[in-house]
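A.B. asks: The following comprises the amino acid sequence and a computationally predicted model.
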Amino acid sequence: MNTGLRIAAFVAAVAAVFAIAFGVGRVAGPDQEPTPGPSTHQPATRQPSVHQEESHGQ
């Protein structure tokens with residue numbers, strides 16, 4: 001098998017895998033939006049952030 005044919009076969013195989021993955025993704029569809037509820041991304045209590053400037057008695 002010559003090099004050009006090997007490269008063409010590899011590119012065709014990669015394109016086929018991506019096409020199949022894209023098709024499966026289209027059939028499966030996106031995930032449903034989560035129902036609104038209490039925010040789980042915020043801490044329950046107010047704690048100083050490490051990135052906030054703090055007064056050092058100045």
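C.D. replies: Nice, thanks for sending it over. None of these values were measured; they are calculated from a predicted model.

A.B. asks: Run a quick neighbour tally on A12.
C.D. replies: Applying other C-beta atoms under 10 Å, we find 10 residues neighbouring A12. From N, CA and C alone the C-beta is placed, and that goes for glycine too.

A.B. asks: Also A15?
C.D. replies: 10.

A.B. asks: Please tell me how far I20 sits from T35.
C.D. replies: Noted for I20: a distance of 32 Å to T35, by C-beta to C-beta, to the nearest Å.

A.B. asks: Of those two, give the one with the bigger neighbour count.
C.D. replies: I20 (10 against 5).

A.B. asks: where's the more buried one, which helix or strand?
C.D. replies: helix 3-28 (DSSP states H and E).

A.B. asks: Would you mark the buried spots in that helix?
C.D. replies: By neighbour count with 16 or more other C-beta atoms under 10 Å, helix 3-28 contains no buried residues.

A.B. asks: quick one: low-confidence parts of this protein?
C.D. replies: Flagging of the chain using pLDDT under 70 yields the residue ranges 34, 36-58.

A.B. asks: For the helix holding I20, which helices and strands make contact with it?
C.D. replies: If contacts are counted by 3 or more C-beta pairs under 8 Å, 6 or more residues apart in numbering; DSSP states H and E, helix 3-28 sits against no helix or strand.
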